[in-house]
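> fold the following and give me the result.
(one chain, ligands or ions: 1)
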Amino acid sequence: MTFARILGHERQKDLLRRALKSDRLANAYLFTGPDGIGKRLVALALARAVFCPAQGCGDCPACRKIDHGNHPDLHILEADGANIKIEQIRLLQKELAYRALEASRKICLIEAADKLNRSSGNALLKTLEEPPGNAIFILLTAHPQRVLQTIRSRCQPLPFNRLAAVQLEDELRVQLDLNDEESHILAALSEGSFKKALGRDRDLYLNERRELIQSLVMLSSGSILPIFALAERLAADKDRLPEVLEIYQAFYRDALLRRHDGAAQFINIDLRANIETVAGKHSTLELLNKLVAIKETRHRLERNVNRQLAMETLLLQLVA
Ligand SMILES: [Zn+2]
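Numbering: from 1, shown residues only. Below you'll find the model as predicted:
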């Protein structure tokens with residue numbers, strides 16, 4: 001992936017391109033911003049621009065090796081378990097002691113730099129300050145406030161933002177060959193994250209979403225058994241629960257908008273009838289309370305509570 005082909009992040013790409021051109025790249029960068037918006041792509045594009053004789057043509061051996069993850073001078077470090085371990089840093093330092101094999105300098109990409117703990121972080125400090133062989137460090141994180149202060153202070157920060165929904169919408173329409181309605185829904189629900197829009201969430205957001213919302217709307221507070229059955233079904237798929245709650249949240253947000261003439265901003269533009277029904281049945285305050293209940297359930301699930309119980313409680317609040 002070359003700089004030019006990465007969607008958005010113009011300011012960040014421009015800054016890196018100019019630094020490279022004037023030979024003023026920093027020793028260490030800290031790319032910050034939400035997961036899945038393209039930080040890693042930009043880091044790899046920078047590696048290409050540094051290693052490739054034509055600043056990232058995409059076609060030479062150097063570019064191809066980067067794409068295939070086997071360039072000998074590009075070191076990518078990821079947490080081994082919950083943390084990046086001190087042994088991993090020692091190993092990296094050993095590798096950095098050797099000269100670059102094919103490029104003029106080495107590049108180290110550290111994923112989730114917030115997973116450097118005190119010992120591995122401290123072991124890295126000196127290397128960050130004076131990288132052997134002029135190596136470049138690129139640290140990535142979605143949680144900059146959790147990165148050790150000592151690490152942060154030695155890196156040049158480069159914040160990345162989510163892509164604007166309309167930007168993502170245009171790109172999705174082209175890349176996935178979607179119609180306007182689908183690209184609108186997918187872009188809105190993936191909150192500016194390409195990874196989500198293109199990955200496993202695509203089908204959930206486009207197709208299963210309709211079924212999820214319709215089975216919720218059909219529930220009535222009078223019959224408990226169907227409520228518990230839906231809670232059980234949703235709780236069984238642990239990994240997708242956060243996205244399912246996101247879908248419910250978007251739906252109640254739409255209902256709230258409906259009560260305030262905000263139909264132009266609907267996310268679920270293909271479920272207008274369901275939105276009407278729910279907006280007609282509940283007051284603004286009730287809808288707000290449902291949104292709060294969804295948010296609280298999201299927090300509760302992050303703390304590993306009993307999923308089924310949490311979903312039963314939530315569904316009871318939503319259909320009340
Ligand atoms: Zn190239």
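> host element of His75?
According to DSSP states H and E, His75 maps onto strand 74-77.
> list the buried ones in whichever helix or strand comes after that strand?
Downstream of strand 74-77, the next assigned helix or strand under DSSP H and E is helix 86-96. For helix 86-96, a neighbour-count test (16 or more other CB atoms under 10 Å) marks Ile86, Gln88, Ile89, Leu92, Leu96 as buried. In short, each C-beta sits where N, CA and C put it, glycine included.
> with just CA atoms, put stretch 251-264 into CSV.
Taking C-alpha atoms only, stretch 251-264 is exported to CSV below (Å, rounded to 0.1, in the frame of the first residue of the first chain):
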residue,chain,number,x,y,z
PHE,A,251,-31.6,2.0,16.1
TYR,A,252,-32.8,3.8,19.3
ARG,A,253,-30.8,6.8,18.2
ASP,A,254,-32.8,6.8,15.0
ALA,A,255,-36.0,6.5,16.9
LEU,A,256,-35.0,9.5,19.0
LEU,A,257,-34.1,11.5,15.9
ARG,A,258,-37.6,10.6,14.5
ARG,A,259,-39.2,12.3,17.4
HIS,A,260,-37.2,15.4,16.7
ASP,A,261,-37.6,15.6,12.9
GLY,A,262,-34.1,14.3,12.3
ALA,A,263,-35.1,11.6,9.8
ALA,A,264,-32.5,12.9,7.4
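> which residues of the stretch 151-300 of the chain score low on pLDDT?
By pLDDT under 70, the stretch 151-300 of the chain has no low-scoring segment.
> mind listing the helices for it?
For the stretch 151-300 of the chain, the helices defined by DSSP state H, counting those that start in this stretch cover 165-176, 180-189, 194-198, 201-203, 209-218, 224-236, 241-259, 272-281, 284-302.
> quick one: contacts of the shortest one?
With contacts defined as CB atoms under 8 Å, 6 or more residues apart in numbering, helix 201-203 is touched by Leu176, Leu186, Leu189, Ser190, Glu243.
> wait, what's in contact with the first one?
Residues in contact with Leu176, defined by CB under 8 Å, 6+ apart, are Glu182, Ser183, Leu186, Leu198, Arg202.
> give me the distance between it and Pro226.
34 Å (CB to CB, to the nearest Å).
> do the same with the last one
Applying CB to CB, one obtains 22 Å for the distance of Glu243 from Pro226.
> give me the more crowded residue out of the two.
Glu243 (19 against 14; other CB atoms under 10 Å).
> show me what contacts His9?
For His9, the contact set (CB under 8 Å, 6+ apart) comprises Gly38, Val42, Phe160, Asn161.
> just give me the closest of the residues you listed to the ion.
When the contacts of His9 are compared for distance to the ion (CB to the ion), Val42 comes out closest, at 16.6 Å.
> residues near that closest one, how many?
Here the number of neighbours of Val42 (other CB under 10 Å) works out to 25.
> just checking, it touches Lys13?
Yes - using CB atoms under 8 Å, Val42 is in contact with Lys13, at 6.4 Å.
> overlap in contacts, those two.
When contacts are counted by CB under 8 Å, 6+ apart, the set common to Val42 and Lys13 consists of Phe3, Ile6.
> of the contacts of helix 201-203, closest to Ala135?
Nearest to Ala135 among these is Ser190, at 34.7 Å by CB to CB.
> measure that closest one to the ion for me?
Distance from Ser190 to the ion, counting by CB to the ion, to the nearest Å: 31 Å.
> how about the contacts made by that residue?
Contact partners of Ser190, counting by CB under 8 Å, 6+ apart, are Leu168, Lys196, Ala197, Asp201, Tyr205.
> turn those into JSON lines, including neighbour count and distance to Ser220.
Output for the contacts of Ser190, formatted as JSON lines (neighbours: other CB atoms under 10 Å; distance: CB to CB, whole Å):
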{"residue": "Leu168", "neighbour count": "25", "distance to Ser220": "37"}
{"residue": "Lys196", "neighbour count": "22", "distance to Ser220": "32"}
{"residue": "Ala197", "neighbour count": "27", "distance to Ser220": "34"}
{"residue": "Asp201", "neighbour count": "22", "distance to Ser220": "29"}
{"residue": "Tyr205", "neighbour count": "23", "distance to Ser220": "26"}
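> what is the nearest of the residues you listed to Leu109?
The nearest one, if we look at those relative to Leu109 and count by CB to CB, is Lys196, at 21.7 Å.
> re the thing from before, hmm, which of the contacts of Leu176 are the buried ones?
Buried by 16+ other CB under 10 Å: Glu182, Ser183, Leu186, Leu198, Arg202, out of these.
> hmm, which two among those residues are most spread apart?
Farthest-apart pair in the buried ones among the contacts of Leu176 is Glu182 and Leu198; separation 13.1 Å (CB to CB).
> any residues of this protein in contact with the ion? List them.
Residues of the chain lying close to the ion (CB under 5 Å from the ion) are Cys52, Cys57, Cys60, Cys63.
> now do the same contact list for the closest residue to the second one other than its chain neighbours.
Setting aside the residues directly before and after it, Cys57 is nearest to Cys63 in space (CB to CB, 6 or more residues apart in numbering), at 5.9 Å. The neighbours of Cys63, taking CB under 8 Å, 6+ apart as the test, are Arg48, Phe51, Cys52, Gly56, Cys57.
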